[in-house]
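Asker: structure, please.
(one chain, ligands or ions: 2)
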Amino acid sequence: MATAPRMLTPLPQLAKAVADWVADVASLTQPERVHWCDGSDEEIRHLRAGLLASGELHALDQKNFPGCDLYRSHPSDVARVEKVTFICTTKQADAGPNNLWLAPADAHARMRELFSGCMRGRTLYVVPYCMGPIDSPLARCGVEITDSAYVVLNMAIMTRMGRAALERIAGEPNFVRGLHSIGELDPDRRFIMHYPEELAIESYGSGYGGNALLGKKCHALRIASWQARQEGWLAEHMLIVGLRSPAGEQHYIAAAFPSACGKTNLAMLIPPASLGGWKVTTVGDDIAWLHPGPDGRLWAINPEAGYFGVVPGTNPATNRNAYDMIRRDTLFTNVAVTTDNQPWWEGLETGAPAIDWQGRPYDPKNGPAAHPNSRFTVAATQNPSYSPHAEDPQGVPISAIVFGGRRRSVAPLVYEARNFTHGVLVGAGMASEQTAAAEGKVGIVRRDPMAMKPFCGYNFADYFAHWIDVGAKLANPPRIYHVNWFRRDADGKFMWPGFGDNLRVLAWMLERCGGRGGAIESPIGMLPRARDLNVEGLDLAPATLDALLAVDEDEWRKEVADIRAYLGEYGDRLPPRMLAELETTEGKLKR
Ligand code: OXD
Ligand code: MN
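Answerer: Residues are numbered from 1 along each chain as shown. Ligands and ions are numbered 1, 2, ... in the order given. Predicted coordinates:
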């Protein structure tokens, strides 16, 4: 006998706290209709069809790129905007010198004015989502209210979105409230406000990824870093990659690099042919939530379910996995198109652009065909190297943490911190050349501690102290490393081949973790000697390798003085144990 279909509780009745909040927001923003997202395939098909019909989405060549569309954002809305991103804590000192700050009452008042009536004639979408595997105790949930169907489509790929998330929210004490409107897309009426004490976000005036997909940077980093401090874990701007050695040892590494410095490529690395026997799997490419586990190790989940990756530069040589995974069911933003309607970007070695990212006939005089920060949004499950453990509710155990920046000089290819607290100092002293992922002048070196400068939801001094506290809880802490794939020679050429060959450096780290890898001491930490790195099959002059592994003490005396000056901005709140490590390094450089 056929069983009667189970009657599902209507979404608005599942969680009263959510329904009450939606009602308040609707009375403020005055939408024409309210749509609760259930995350079903049918819903996504419907939203996509609507955007295609209205011309907001452009279907790409469906024969070669099935399920792929192009979205063009407003030309003034193509990157995160740090100058209008605020952390609104009761006390300004809690936001710290690393953040722009506004008092919560002032920020709410300003945003209320902007949101008032802003959804007239539009649909208000209620987007319940879960950051992390839906059954993971380490996952956290939120609800984004938005008036952008493009945002909904992205959230459906990037998070576990819909009914299951709302069911989880119904049984939990709190959820992150994110209110978003594209407003008029006016750069002068654009703000991204975070209220960590209220677990709330308000974003107005931008439809671009990092400003509008509130589960990502706003929730999973800025708000989550605050939550993590209270609950004893870490929310980090890190990829998580699995590495199985030829001997069959399985390790996971978490690595923090500033935006657009190759996290996605490293997370999906393909071993060079001359390094046989390695298996590389991807857990995450941008964000890691790290929890001390019962076994004294640090365990990581990727809170995201998809990739919002930088497109330019992606080709079979730089990232075969990404190149393959974005050939179907991918949402492209701000790429160019060819005459036969295929997506095109700089770094793609085939085809030619006919229409640029702004929809104009391509003319090199107008700059790159694809915007340098053009993106793909794609489900993680489409990645050929997706880890079979990416959905494990308890996460994966981390053997090593890697910090890295884009530096043409000073930072060697790799070094290992003396201990966990020294590793925190190494992360705190990170610097990198600015990229196109955020508005600002590309190429300028700026301090970007742990690649979290744009994303830490509280005072960096407290954050460094929290890192040290988490480390102290770990009987078996990960080793900490610093890498620089971007060193250049006197002619401005990259000295290290990068991409798949970065595995050579990771392999050395894992040898160290296993107590086997050789190293020599330097004032800044332990470095491999040339013979400790496997460079078999690599066309690299011995002198270049020596230069990559050299620590120039004069340069480092300047660097360390600069780090001291930078950290000085955080004053008395800095953890003394980290400063003691700084003194140790200074002492070693004096000798
Ligand atoms: C990103 C960024 O989009 O860091 O991941 O900007
Ligand atoms: Mn990022």
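Asker: residues from the protein in reach of ligand 1?
Answerer: 80, 209-210, 259, 286, 308, 437 (CB under 6 Å from any ligand atom). (C-beta placed from N, C-alpha, C; glycine too.)
Asker: widest-spaced pair of those residues?
Answerer: For the residues of the chain next to ligand 1, the farthest-apart pair by CB to CB is R80 and D286; their separation is 12.7 Å.
Asker: between those two, which one's more packed in?
Answerer: Taking other CB atoms under 10 Å, R80 and D286 do not tie; D286 has more neighbours (26 against 22).
Asker: which non-adjacent residue is nearest the more buried one?
Answerer: Counting by CB to CB, 6 or more residues apart in numbering, K263 is the residue found nearest to D286 once chain neighbours are left out, at 6.1 Å.
Asker: that neighbour: neighbouring residues, count only.
Answerer: Neighbours of K263 using other CB under 10 Å come to 26.
Asker: which single residue of the protein ends up nearest ligand 1?
Answerer: S259 (3.0 Å; CB to the nearest ligand atom).
Asker: any figure for the gap between that residue and I157?
Answerer: 19 Å (CB to CB, to the nearest Å).
Asker: circling back: reformat the residues of the chain next to ligand 1 as JSON lines; add pLDDT and secondary structure.
Answerer: Converted to JSON lines, the residues of the chain next to ligand 1 look like this (pLDDT from 0 to 100; DSSP: H, G, I helix; E, B strand; the rest coil):
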{"residue": "R80", "pLDDT": "91", "secondary structure": "strand"}
{"residue": "G209", "pLDDT": "92", "secondary structure": "helix"}
{"residue": "G210", "pLDDT": "91", "secondary structure": "helix"}
{"residue": "S259", "pLDDT": "84", "secondary structure": "coil"}
{"residue": "D286", "pLDDT": "96", "secondary structure": "coil"}
{"residue": "F308", "pLDDT": "97", "secondary structure": "strand"}
{"residue": "A437", "pLDDT": "65", "secondary structure": "coil"}
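Asker: now these as a markdown table including distance to M578?
Answerer: Below are the residues of the chain next to ligand 1 laid out as a markdown table (distance: CB to CB, whole Å):
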| residue | distance to M578 |
| --- | --- |
| R80 | 28 |
| G209 | 33 |
| G210 | 29 |
| S259 | 25 |
| D286 | 26 |
| F308 | 32 |
| A437 | 28 |
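Asker: using CSV, write out every CA atom in stretch 518-532.
Answerer: Output of stretch 518-532 as CSV, limited to C-alpha atoms (Å, rounded to 0.1, in the frame of the first residue of the first chain):
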residue,chain,number,x,y,z
GLY,A,518,66.1,18.0,8.0
ALA,A,519,66.5,21.8,8.7
ILE,A,520,68.9,24.4,9.8
GLU,A,521,68.2,27.1,12.4
SER,A,522,68.0,30.7,11.4
PRO,A,523,67.1,33.8,13.4
ILE,A,524,63.5,33.7,12.0
GLY,A,525,62.9,29.9,12.4
MET,A,526,64.0,26.6,10.9
LEU,A,527,64.7,26.4,7.1
PRO,A,528,65.2,23.4,4.8
ARG,A,529,68.7,23.2,3.4
ALA,A,530,68.7,22.7,-0.4
ARG,A,531,69.2,19.0,0.1
ASP,A,532,66.1,18.7,2.4
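Asker: list the buried residues of it.
Answerer: Neighbour-count burial for stretch 518-532, counted by 16 or more other CB atoms under 10 Å, picks out 519, 522-528, 532.
Asker: which residues touch that stretch?
Answerer: The contact list for stretch 518-532 (CB atoms under 8 Å, 6 or more residues apart in numbering) reads 412, 414-418, 422, 426, 482, 508, 511-512, 517, 542, 545-546, 549, 551, 553, 556, 585, 588-589, 591.
Asker: if you set the cut-off to 6 Å instead, what comes out?
Answerer: For stretch 518-532, the external contacting residues (CB atoms under 6 Å, 6 or more residues apart in numbering) are 415-418, 508, 517, 545, 549, 551, 588-589.
Asker: cool, stretch 86-95 as well?
Answerer: Outside stretch 86-95, the residues touching it (CB under 6 Å, 6+ apart) are 99-102, 104, 107, 193-195, 457-459.
Asker: and stretch 234-252, by the same measure?
Answerer: 221, 224-225, 228, 253-256, 263, 266-267, 277, 279-281, 283-285, 288-290, 300, 302, 387, 396, 398-399, 451-452, 455, 470, 510.
Asker: now do it: distance from first to last residue.
Answerer: 16 Å (CA to CA, to the nearest Å).
Asker: tell me the buried residues in that stretch?
Answerer: 234-243, 251-252.
Asker: just these: which are in strands?
Answerer: Under the assignment DSSP state E, the buried residues of stretch 234-252 contribute 234-236, 238-243, 251-252 to strands.
Asker: of the contacts of stretch 518-532 - the most surrounded one?
Answerer: E416 (26 neighbours).
Asker: list the contacts for that one?
Answerer: 481, 525-526.
Asker: do the same with F494
Answerer: So F494 contacts R488 (CB under 6 Å, 6+ apart).
Asker: phi first, then psi, for it.
Answerer: Note on F494: backbone dihedrals following degrees, to the nearest 10 are phi -60, psi 140.
Asker: just to revisit the earlier point, I'd like the contacts of stretch 518-532 as JSON lines, with secondary structure and pLDDT appended.
Answerer: Shown next, in JSON lines, are those (DSSP: H, G, I helix; E, B strand; the rest coil; pLDDT from 0 to 100):
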{"residue": "Y415", "secondary structure": "strand", "pLDDT": "98"}
{"residue": "E416", "secondary structure": "strand", "pLDDT": "98"}
{"residue": "A417", "secondary structure": "coil", "pLDDT": "98"}
{"residue": "R418", "secondary structure": "coil", "pLDDT": "98"}
{"residue": "W508", "secondary structure": "helix", "pLDDT": "98"}
{"residue": "G517", "secondary structure": "coil", "pLDDT": "94"}
{"residue": "L545", "secondary structure": "helix", "pLDDT": "97"}
{"residue": "L549", "secondary structure": "coil", "pLDDT": "97"}
{"residue": "V551", "secondary structure": "coil", "pLDDT": "97"}
{"residue": "K588", "secondary structure": "helix", "pLDDT": "97"}
{"residue": "L589", "secondary structure": "helix", "pLDDT": "96"}
